[in-house]
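Asks: Here is the input, now give the coordinates:
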Amino acid sequence: MRAALWLISLFSLAVAAAWLAWHNNGTVTFFLMPYRVDFSLNLVLLMLGLVVLVVVLAQQALSALLSLPKQAQRWRLQQKERAAHAALLKSISNFMAGRFLRARKSAQAALDKEARLKDAGLELDHAVALRTVAHIMVAESAHALQDRDVRQTHLQEALDAAKEGQSSERQALTEGAQLRAARWLLDDRDAAGSLSLLKSLPSALGRRMVAMRMQLKAARLAGQPAQALDTAVLLAKHRAFTPATADSLVRGLILEWLSHLHDPESVQRMWLNLTLAQRAMPDLAAEIALRFVALGGSVALAKPWLQPLWAPLQSPQAKWTPDQLARMVQAMEACLTDAQAADARQWLARVEAAQQAHPQDARLQYLAGMVCLRHQLWGKAQSLLSQSVKGLQTPALKRKAWCALAELAEQRQEPAAAAAAWKQAALVSQS
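Replies: The predicted structure follows:
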């Protein structure tokens, strides 16, 4: 529609100009003594238009001629700028290809080209970013070549170059250089140095996923599982891992933290610091309870830690790995009390319910047999333990089951059966 209006307007102007020129009878007279020259008004207007056109064209030609030196200088600057960019891109491509020596030479060439431009008084618009990234590439290549002196030198030069940029550019370049420095320290297995550098970063930068990932690796390398666990939980909240990976990582860190504790008070503090979801993990609850009791902790304190596990254990749909169930059984056995305890009958009922939910599970048969043994239910204990030794695969449980059967045989004054049971227990110990 707009194009049609323009065409209509142009045709209208052309028609109006033709009509005016056709009906214009005016003349222009020039008196040049002793002559007089008459010109048509249309001719005079046409000549004036031609003069204006010639003047404009001459002005443009003169301007283009005078701007040739600047254009040549701009062209030379573009060529040198492209050469510097090409050298930097070549450095990056060589670094990705594993050609670290070539990458360092190309990055150094980019720095040299940029320096020559600066010495000639030709400052690029993004010279700060170009210089900083080139220094980082030299440092990256030197790090890959195990040349720490060159790496640190160019790292400092990159930080100095970044300070010359504007606010947003300076912040981005400085943060990038600091994160790379922390990564290099981590690669050098200098966990303390990497953690120190990461802690010195601004809080906003420290909360970024890449920084938290490095904090996790550095904390694990430094043997600080508590800090690593906190970082892993934050990463899991930010969905840095899949749910299965996050659970496995958190579980491993908690077990690693547990292995560093050597007194029951520390284990109890650790348990209180865990979240409800972490306490509900069956293998974690079992391992922590076992560690707590083994270090001399109170069984009465450890018992409630296993409380959330009774319901899923009694459910027929519960799916446990063999190792998880074995550790659960060991933890529950370690927390068993005498028959005179206030909750002894409650535990007996729960163990029987779990065993009935999984009647073919040898581990639960063993646990139920040991509970019956505590309650002096000799016959039932004998039956359950005799069934369990046929299917137990965990040596510790199988050995204790045979020992319990041997003690029951001695109590019944059956020396032959007791000797056979003791022999089986010894064979399990030797296997």
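Asks: only C-alpha atoms for contact and neighbour calcs from this point on.
Replies: OK.
Asks: What's the mean pLDDT across the biggest helix by length in the chain?
Replies: The residue-count maximum for a helix in the chain (DSSP state H) belongs to helix 68-96. Confidence over helix 68-96 (mean pLDDT, whole number) is 85.
Asks: now swap in stretch 103-119 and tell me
Replies: For stretch 103-119, mean pLDDT is 89.
Asks: Mind giving me the packing neighbours of the helix or strand following the longest helix of the chain?
Replies: Note on helix 68-96: by DSSP states H and E, the next helix or strand toward the C-terminus is helix 100-119. When contacts are defined as 3 or more C-alpha pairs under 8 Å, 6 or more residues apart in numbering; DSSP states H and E, helix 100-119 packs onto helix 68-96, helix 127-144.
Asks: surely Pro264 meets Phe292?
Replies: Yes. The pair Pro264 / Phe292 is scored as a contact, 5.3 Å apart, by C-alpha atoms under 8 Å.
Asks: neighbour count winner among those two?
Replies: Phe292 (25 against 19; other C-alpha atoms under 10 Å).
Asks: roughly how far out does the host helix or strand of that one sit from the chain middle?
Replies: Following DSSP H and E, one finds Phe292 within helix 282-294. Taking C-alpha atoms, centre = their mean, to the nearest Å, one finds the center of helix 282-294 at 30 Å from the center of the full chain.
Asks: which outside residues touch that helix?
Replies: Helix 282-294 is contacted from outside by 251, 254-255, 258, 263-264, 267-268, 271, 278-279, 298-299, 302-303, 305-306, 309, 324-325, 327-328, 330-332, 334-335, using C-alpha atoms under 8 Å, 6 or more residues apart in numbering.
Asks: Buried among these? Make that a ChimeraX selection.
Replies: Entered in ChimeraX, the line below selects the buried ones among the contacts of helix 282-294, by 16 or more other C-alpha atoms under 10 Å:
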select :251,254,255,258,264,267,268,271,278,279,299,302,303,305,306,309,324,325,327,328,330,331,332,334,335
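Asks: which strands and helices sit next to whichever helix or strand Lys217 is part of?
Replies: If you go by DSSP H and E, Lys217 is part of helix 209-221. Secondary-structure packing of helix 209-221 (3+ C-alpha pairs under 8 Å, 6+ apart): helix 167-187, helix 191-200, helix 225-237.
Asks: one step back: mind giving me the packing neighbours of the longest helix of the chain?
Replies: helix 100-119, helix 127-144.
Asks: can you give me the angle it makes with helix 127-144?
Replies: Orientation check (axes from the mean of the first three to the mean of the last three C-alpha atoms, to 10 degrees): helix 68-96 against helix 127-144 gives 30 degrees.
Asks: Give me the buried positions along helix 68-96.
Replies: In helix 68-96, counting by 16+ other C-alpha under 10 Å, buried: 77, 80-81, 83-95.
Asks: tell me the domain ranges of the chain?
Replies: 75-188, 190-241, 336-431 (automatic domain parsing).
Asks: Which of the three states applies to Gly296?
Replies: Assigned with DSSP: H, G, I helix; E, B strand; the rest coil, Gly296 falls in the coil class.
Asks: about what we covered before: CA atoms only for the helix holding Lys217, dumped as PDB, please.
Replies: Provided in PDB are the C-alpha atoms of helix 209-221 (Å, rounded to 0.1, in the frame of the first residue of the first chain):
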ATOM      1  CA  MET A 209      27.100 -23.800  39.800                       C
ATOM      2  CA  VAL A 210      30.600 -23.900  38.300                       C
ATOM      3  CA  ALA A 211      32.100 -22.500  41.500                       C
ATOM      4  CA  MET A 212      30.100 -24.900  43.700                       C
ATOM      5  CA  ARG A 213      31.200 -27.800  41.600                       C
ATOM      6  CA  MET A 214      34.800 -26.900  42.200                       C
ATOM      7  CA  GLN A 215      34.100 -26.400  45.900                       C
ATOM      8  CA  LEU A 216      32.700 -29.900  46.100                       C
ATOM      9  CA  LYS A 217      35.700 -31.400  44.400                       C
ATOM     10  CA  ALA A 218      38.100 -29.400  46.500                       C
ATOM     11  CA  ALA A 219      36.400 -30.200  49.800                       C
ATOM     12  CA  ARG A 220      36.400 -33.900  49.000                       C
ATOM     13  CA  LEU A 221      40.100 -33.700  48.000                       C
END
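Asks: Kind regards, and thank you for your time.
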